[in-house]
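Chemist: return a 3D structure for these sequence lines:
(chains A and B)
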Amino acid sequence: MIDFTISFILTFMVLFMALNISALFSAWVDRKASALMQDRIGANRASIFGFLPFNLGLTNSMLCDPIKLFTKEDFVPPGADKLLHTLAPIIAFVPALITFVAIPFGDVLSIGGREINLQAANLNVGLLYILAMVSLGVYGVVLAGWASNNRWALLGGIRASAQMVSYEIAMGLSLIGTVLTFGSLDLQEIARAQGHLIGGWIPAWGIIYQPVAFFIFMAAGMAESKRIPFDLPEAESELIQGYFTEYSGSKQAMFMVVDLIESVIVSGLVTTLFFGGWQIPFLARDGFHFPWGGIVALPSLIVALLQVGSFTIKVLFFTFLQLMIRWTVPRFRYDQLMNLGWKGLLPLSLVNVMVTALVILLVQSAK
Amino acid sequence: MDHVTFFSLALPLIVVAAMVILHPNPVYSALFLVLTLFLLAVYFLFLDAHMVAALQIIVYAGAIMVLFLFVIMLLNVQSNPQEHQRKGLRTAATIGGALLVAELFLLLRRAPNGAGQSPLPEGYGTVVAMSERLFTDFLLPFEVTSVLLLVAVVGAVVLAKRHI
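Modeler: Modelled structure (predicted):
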């Protein structure tokens, strides 16, 4: 029981901190990197005692923005459904936050004879759990749109529900190929299966087996997180701010953070399914085993730290990639969005499933 | 499942399910239905049926109920329908409800007694165990269901598009 409690609390804290830091980090990188990309200066006004933080806009986005958002008046428009208006951001926030518990961020850490699995919840239906939580995320958005008693908000909510339901299908189907390849729905198993080497040199990461699924999943995942170029539910030029037009203060902040958390989750999933998760090439549980013969033995703690570090770096990279795409590509038109989802990604993912199944059958019968 | 768990789940489930038909606002009704499905999924979790629980949330709570909400919001359904519309519905609902209750009692009388049963086999309710049953013992029903779904999809497309 004590074992369980210790590992549970530790894991939960790590996940919570990782998620919040990456969300804030993306908020800062989002502002500053986009400014650099577009030849603007970006956030640079606020500083602490005039010298911190070297004019990088850190104070603006990490300190001033949150304080400003949390201290603003919490306004509920007249005619709005007060209960649902208050519940909607929570309903959007909670599924997004608890999705991360199924994603492994390291292998096994052995301390004092105990083996701690570096994953908050070891579920045998891990992937299905994540899809379930992603599909629940729609409710917050739809309810926000409806409860605000505002036509723009309702339009945003309806767009969001259509978009998210459509792209969930492509997302789920693209994952079937991966599941077929690794033969498990458990994300820790999938990450472990990517540890061996093809021909002794190339790490057997998912992208090598499932390159098409990676692109489909990335596109569908970005559509799920409702960010540019898929941000039709909150298109500023058409719908003011979409489903959260009528929100202010910390509730608005929650909606903004949900989008960021979702893109971090997509990065986490891409990392786990296609880029080896916490794997570092040639690093096994007891140290590095290089294919040219060298062995560097390492204690378990160092190995675990290296794995967590590798996972974090990969996740940050893919979050950054999504930000780059966000500030590069213009927004889709609504019919283009639906065409891409139903006529582009869906048939492509079906073909991917068929081809993967055929190849696996052929390989099995060849054995 | 022990009695405390059972009743602490069953009571809210029944209250929430009753609210689906008692609440005057259709949006709230739909939301209570979502809660009902969610609590049912928790039930499945306690009964070691993890796969069914996950599918329950993905398919019913995550996809079908979203479309329900979508339609209710788009049509802007009035909370109080006309009285003459209600009359026929009420008779139909009473008959249907009575039939369901009768069916329930029949099934309860036939149900096996849970007390003397052997413990579950290892790995019960996991994806592997369930898929093995699905693709061996229940292969024919499984395939027939998929054909049925295909027919439904084709029918929906034909109905929605007059000129194909």
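
Chemist: contacts only, for the residue of chain A found nearest chain B.
Modeler: Residue nearest to chain B within chain A (CB to the nearest CB): A:Ser135, separated by 2.7 Å. C-beta: built from backbone N, CA, C; applies to glycine. By CB atoms under 8 Å, 6 or more residues apart in numbering or on different chains, the contact set of A:Ser135 is A:164, A:168, B:57-58, B:61-63, B:66.

Chemist: how about the nearest residue to the single nearest residue of chain B relative to chain A, chain neighbours excluded?
Modeler: Chain A sits closest to B:Gly62 of chain B, with a gap of 2.7 Å, by CB to the nearest CB. Nearest residue to B:Gly62, sequence neighbours excluded (CB to CB, 6 or more residues apart in numbering or on different chains): A:Ser135, at 2.7 Å.

Chemist: how much space between the one you found and A:Leu143?
Modeler: Remark: distance between A:Ser135 and A:Leu143 (CB to CB, to the nearest Å) = 15 Å.

Chemist: report the mean per-residue pLDDT for stretch B:96-116.
Modeler: Across stretch B:96-116, pLDDT averages out at 82.

Chemist: to clarify, my last question referred to stretch A:356-367.
Modeler: In this model, stretch A:356-367 has an average pLDDT of 87.

Chemist: which positions within it qualify as buried?
Modeler: Neighbour-count burial for stretch A:356-367 flags A:Thr356 (criterion: 16 or more other CB atoms under 10 Å in any protein chain shown).

Chemist: ok, residues contacting it?
Modeler: So stretch A:356-367 is in contact with A:176-177, A:180-181, A:210, going by CB under 8 Å, 6+ apart.

Chemist: one step back: so what's the residue of chain B closest to chain A up against?
Modeler: A:131-132, A:134-136, A:138, A:168.

Chemist: after the helix of greatest length in chain B, next one along is what?
Modeler: For chain B, the helix with the greatest residue count under DSSP state H is helix B:83-110. Per DSSP states H and E, the first helix or strand lying C-terminal to helix B:83-110 is helix B:127-135.

Chemist: could you list the buried residues of that following helix?
Modeler: Of the residues in helix B:127-135, those buried (16+ other CB under 10 Å) are B:127, B:129-130.

Chemist: does the residue positioned nearest the centre of chain B fall in a helix, a strand, or a coil region?
Modeler: With distances taken as CA atoms, centre = their mean, chain B has B:Leu37 as the residue nearest its mean C-alpha position (6.4 Å). Secondary structure, DSSP: H, G, I helix; E, B strand; the rest coil: B:Leu37 is helix.

Chemist: which stretches of the chain have low pLDDT?
Modeler: Here I'm looking at chain A. A:1-3, A:6-7, A:10-11, A:13-15, A:17-26, A:45-57, A:112-118, A:120-121 (pLDDT under 70).

Chemist: actually, chain B is the one I wanted.
Modeler: Applying pLDDT under 70 to chain B flags the ranges B:1, B:76-86, B:113-120, B:123, B:163-164.

Chemist: around chain A, which positions in it sit nearby?
Modeler: B:27, B:31, B:34, B:50-51, B:53-55, B:57-58, B:61-63, B:66-67, B:69-70, B:73-74, B:126-127 (CB under 8 Å from any CB of the partner chain).

Chemist: if any of those residues are buried, give me the PyMOL selection for them.
Modeler: Buried subset of the residues of chain B next to chain A, written as a PyMOL selection, criterion 16+ other CB under 10 Å:
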select buried, chain B and resi 27+31+34+50+51+53+54+55+57+58+61+62+63+66+69+70+73+126+127
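
Chemist: rewinding a little: biggest separation within the contacts of A:Ser135, which pair?
Modeler: Maximum pairwise distance among the contacts of A:Ser135 (CB to CB): 14.8 Å, between A:Met164 and B:Ile57.

Chemist: hang on, the earlier thing: what is the nearest of the contacts of A:Ser135 to A:Pro229?
Modeler: A:Met164 (15.2 Å).

Chemist: assign that closest one to helix, strand or coil.
Modeler: Under three-state DSSP, A:Met164 comes out as helix.

Chemist: ok, the residue nearest to it when sequence neighbours are not counted - contacts?
Modeler: Nearest non-adjacent residue to A:Met164, counting by CB to CB, 6+ apart: A:Val138, 4.7 Å away. Listed by CB under 8 Å, 6+ apart, the contact set of A:Val138 reads A:160-161, A:164-165, B:62, B:66.

Chemist: SS state for A:Phe105?
Modeler: Going by three-state DSSP: A:Phe105 is coil.

Chemist: quick check: it touching A:Trp278?
Modeler: Yes - using CB atoms under 8 Å, A:Phe105 is in contact with A:Trp278, at 6.0 Å.

Chemist: more crowded one of the two?
Modeler: Using other CB atoms under 10 Å in any protein chain shown, the more surrounded residue of A:Phe105 and A:Trp278 is A:Trp278, with 29 against 26.

Chemist: that one belongs to a strand?
Modeler: No - with three-state DSSP as the criterion, A:Trp278 is assigned coil and is not in a strand.

Chemist: that one and B:Leu140: what is the separation?
Modeler: A:Trp278 sits 43 Å away from B:Leu140, going by CB to CB.

Chemist: for A:Asp259, same thing?
Modeler: With CB to CB as the criterion, A:Asp259 and B:Leu140 are 45 Å apart.

Chemist: name the nearest residue to A:Trp146, ignoring sequence neighbours.
Modeler: B:Met73 (5.3 Å).

Chemist: quick one: residues contacting the one you found.
Modeler: By CB under 8 Å, 6+ apart, the neighbours of B:Met73 are A:142, A:145-146, A:154, A:157-158, B:27.

Chemist: among those, which are in helices?
Modeler: A:142, A:145-146, A:154, A:157-158, B:27.

Chemist: biggest separation within these, which pair?
Modeler: A:Ile158 and B:Val27 (13.1 Å).

Chemist: for the helix or strand where A:Glu262 lies, buried residues please.
Modeler: Under the criterion of DSSP H and E, A:Glu262 resides in helix A:249-274. The neighbour-count check on helix A:249-274 (16+ other CB under 10 Å) flags A:251-274 as buried.

Chemist: ok, now stretch B:10-26?
Modeler: Buried residues in stretch B:10-26, defined by neighbour count with 16+ other CB under 10 Å: B:13, B:16-17, B:19-20, B:26.

Chemist: kindly report the same for stretch A:298-314.
Modeler: For stretch A:298-314, a neighbour-count test (16+ other CB under 10 Å) marks A:298, A:300, A:303-304, A:306-308, A:310-312, A:314 as buried.
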